[in-house]
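Q: Fold the stuff below for me.
(2 chains)
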Amino acid sequence: MSERQAAAAVPLEPPKPSSRRMWAYRLEIDPSRTGSPWWMTIVSVLLALLLCGIFIAANGMNPIAVYDKMIRGAFGSSFGIAETLVKAIPLLLCGLGVSIAYRISVWNIGAEGQFMVGAIAATAVTIYFPNLPIYATIPLMIVFSLAAGGVWGLLTAIPRTYFQVNELVTSLMLNYVGLLALDYVVFGPWKDPKGFNFPGTPMFNEAQSLPVLGDTRLHMGLLFALAAVAIYALLVKYTKWGYELRLIGANPEAARNAGIPIKRHILLVMLISGALAGLAGMSEVSGVSHRLMYGISPGYGYTAIIVAWLAKLHPVGLAVSAVLFGGLIVGGYSVQTIGLPSSISNMIQGAILFFLIAGGMLSKFRLRRNG
Amino acid sequence: MTTNAINAIEMRQIVKQFGSVVANDRVDFSAGAGEIHALLGENGAGKSTMMCMLSGVYRPTSGDILLRGERVRIRSPKDAAKLGVGMVFQNFRLVQTLTAAENIVLGEKSSFWRGPKWMKNKQEEIASIAGRFGLAFPVDRPVWQLSVGEQQRVEIVKTLYRGAQFIILDEPTSVLTPGEAEQLFATLAIMKAEGKTVIMTTHKLKEVMAAADRISVMRKGRMIHTVDKAHTNERELARLMVGKDIAAHRELPDRSPGKALLAVSQLDVYADHGRKALDGLELHIREGEIVGVAGVAGNGQKELAEVLTGLRAWKRGSIVFDGRPFKRASVRGAIEAGISHVPENRMKSGLAGSLGLVDNLLFKSYRSKERAKLGFLRIGRNRTWSQSLVEEFDVKTAGLDTPVQQLSGGNQQKLLFAREIHHRPKLMVAVHPTQGLDVGATEGVHRLLAQLRSEDRSVLLISEDLDEVMQLSDRILVLYGGRIVGEMPRGEADRERIGMYMAGLHGEEEERAV
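A: Predicted coordinates:
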């Protein structure tokens, strides 16, 4: 037995009880806790509704009635459900994109910009190759939008990997570049000459539009989104690549010790992340608006961040929360008829994110009794 | 012992436990006013822990602290500052973007309004304190623009500005050039002349002899001896520091080492900040041999482990492993060549705390055909395999999906060894493999290392625990300044010689021997 071992084996007096404190309970950080329990998500949503309910009541409305109206508007009719799903498509694709990046702690908040350039690239196909048949146009639009979004993602990833530039800053700034690029083309070179000065391109023809379901606006983009979620679920759970992402996300230094090239993964992940948001842009112009126009996105790229957090980056959760937020947008429109502004849905979105983050923070603490 | 009736600082029977690990075991320590007291010991001897209790960072598990003869309770660094205790940590506590003067007045509660005039006065006050103690630095420059030596001066002035009577310096010279160290000692002499108590922790014998009045030596959490400088010499201190008792040798069966496995020659490696960490290193390991590397931290151990496991590139020289030269630094290359790695800090770089046992066991083998096929992990098979490893290595866990951060340190290390051993590595690079483990877990790790040896596999054991190195190694090497300065076979190793090598005194020892 070595000397140290002998020292450790000596029985020691128990630690003296600590002195009296002011409070009977104290908050203590529990380092073994990472992330929040599953029910925190539901609690966050309920608290957000409660908080916004206070504001609604302050406006002289009955919050229960307002929420009821919103839910009916979003899910109460086949039209409402179709509209909700239409909104859920870009949210799901963008949310998926940012989720992949968040898995390895790359904080891509540039889905909005990636969405814009994807929409521009898809529209470029309609402008420069106007007379292709549908089986050539749609795939070409998809490829262009994926490439453009991916490049936009790489513009964030390359400075981050090689020059330690914070990706939050670059991805946020690139959103404005993407937005202004879109404004430039719709106000400038691509403006529809027969559009009475409306800031938008000419309407797409049949071959340039995604097929829709019946007489609703629900389009084939839904299939893209669902396929992407399924592939994402498969990749992260069952493949070596998903395992590598899991490792990088959990402990980058350990991942380096396991021989995983982290830089290459960041580049690839941002390429995919951007490409998915780009695809969302394509499906929006080709499936919903049928033209590129000013204000094409009501902030899908930003809402997608909340969608991803609410889902805890989980594939099924992403689908559910995308539909929920789609419903929130549609429900927001429906309450306009009773005199509330539709920005009520933005308020609820913001409140949900606030409570989610606060909940994640607080679940690291434990309440302990002093003594 | 001191002749003063009342010691300025007295620590009695101090015990500090971290979980099951005892960092300080009934330590007595005292220092007088107008004294420079050196606290000497190897890394992990418990010096810094003692000083952290004096400065309120930790609280003792039991024992008393007396300042100027009065029993005090030091609950926080704030309490310590009120009592006149100031500590300069090895890693500075400075705000990089604030100026030196702003850092020094930080935390001062008086004067709400801090206009340019106030700041100017403060800067003058600070400059005059600095001047008095010979600590020149630009007061109005942001800290990030200052050299490391200047930053240390800012830290020292910070304690003086707050009126500290007891000044603790934790490894103060580890960041300084020899010239800067000389200047620091001159400053300490001025403090001493003003009647302050200066305590510095160090493991450098030469500096102790140059600067200190009295010297206390700690080893393995215990106080070994306190002597006046006049009554001792470097040789005695080295002996006290490493201890003279021979550690009980582990019964390792005698065996003739096999053929050459690793040959490193003329290796130059640079550390993160451009410092030369390994300087023309020569290292040879044979099959079935445990080679222990002793040495004080910061002499190239970290870089040696990193370069062998493919984590760090080298500038010059060659590494030949199992007959094949390393072409470039590649972790995958090292894994595939059969080098496994038990890193220094298991939770920081060895395991992913939030993931379960299966994911942590897959680290090195998930690329293999048994674990994955066509890019898909073989989930079911991997679980059974993990279960069998958990049983074989006796990892105590609630289940395979339990986040590994919830396991005890010993079980985490078992899991790590399970992963690193099961694919039968040719060489294991183990860095401080028993750090923070209790007696039982330490014993388990030692058994695993000995077992590797009996299977004709080699181990490079890098450890600051001299007992461990002496118990397990067939050969002991001492790393100092990026070179192997001493080498001795198992039978001939003695603590005194190793201690001299570790302290960088090998040259003088040979001169004396002549």
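Q: got a list of what residue A:318 touches?
A: Going by Cβ atoms under 8 Å, 6 or more residues apart in numbering or on different chains, residue A:318 touches A:92, A:95, A:96, A:99, A:229, A:232, A:307, A:308, A:311. Any C-beta I mention is one placed from the backbone N, CA and C, and that applies to glycine too.
Q: wait, what's in contact with the residue nearest to it when sequence neighbours are not counted?
A: Residue nearest to residue A:318 in three dimensions, not counting chain neighbours: residue A:311, with 4.3 Å by Cβ to Cβ, 6 or more residues apart in numbering or on different chains. Going by Cβ under 8 Å, 6+ apart, residue A:311 touches A:95, A:99, A:317, A:318, A:320, A:321, A:322.
Q: Columns pLDDT on top of these, output as TSV?
A: As requested, the contacts of residue A:311 are exported to TSV (pLDDT from 0 to 100):
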residue	pLDDT
A:95	97
A:99	96
A:317	92
A:318	95
A:320	93
A:321	93
A:322	96
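Q: Now render those residues as TSV, adding secondary structure.
A: Output for the contacts of residue A:311, formatted as TSV (DSSP: H, G, I helix; E, B strand; the rest coil):
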residue	secondary structure
A:95	helix
A:99	helix
A:317	helix
A:318	helix
A:320	helix
A:321	helix
A:322	helix
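Q: farthest-separated two in those residues?
A: A:99 and A:320 (13.2 Å; Cβ to Cβ).
Q: on that earlier part again, so which of the contacts of residue A:318 wins on neighbours?
A: residue A:95 (34 neighbours; other Cβ atoms under 10 Å in any protein chain shown).
Q: I'd like to check which residues are in contact with it.
A: A:304, A:305, A:307, A:308, A:311, A:318, A:321, A:322.
Q: Apart from its chain neighbours, what residue comes closest to it?
A: Closest to residue A:95 by Cβ to Cβ, 6+ apart is residue A:307, at 3.8 Å.
Q: Tell me who's in contact with residue 191.
A: All of this is about chain A. So residue A:191 contacts A:197, A:198, A:199, A:200, A:201 (Cβ under 8 Å, 6+ apart).
Q: not what I meant, chain B
A: Residue B:191 sits in contact with B:36, B:133, B:167, B:198, where contact means Cβ under 8 Å, 6+ apart.
Q: Residue A:239: neighbour count?
A: 16.
Q: before we move on, the earlier item: which ones among the contacts of residue B:191 lie within strands?
A: If you go by DSSP state E, these have B:36, B:167, B:198 in strands.
Q: Just the C-alphas of the helix or strand where residue A:334 lies, formatted as CSV.
A: Of the helices and strands defined by DSSP states H and E, residue A:334 is found in helix A:315-334. The C-alpha trace of helix A:315-334 is given here as CSV (Å, rounded to 0.1, in the frame of the first residue of the first chain):
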residue,chain,number,x,y,z
PRO,A,315,-37.4,14.6,-35.6
VAL,A,316,-41.0,13.8,-34.5
GLY,A,317,-41.0,16.8,-32.2
LEU,A,318,-40.0,18.9,-35.2
ALA,A,319,-43.0,17.8,-37.2
VAL,A,320,-45.4,18.4,-34.3
SER,A,321,-44.0,21.8,-33.4
ALA,A,322,-43.9,22.9,-37.1
VAL,A,323,-47.6,22.1,-37.3
LEU,A,324,-48.3,23.9,-34.0
PHE,A,325,-46.5,27.0,-35.2
GLY,A,326,-48.2,26.8,-38.6
GLY,A,327,-51.5,26.8,-36.7
LEU,A,328,-50.4,29.7,-34.6
ILE,A,329,-49.8,31.8,-37.7
VAL,A,330,-53.1,30.8,-39.3
GLY,A,331,-54.9,31.3,-36.0
GLY,A,332,-53.3,34.7,-35.7
TYR,A,333,-54.9,35.6,-39.1
SER,A,334,-58.3,34.4,-37.9
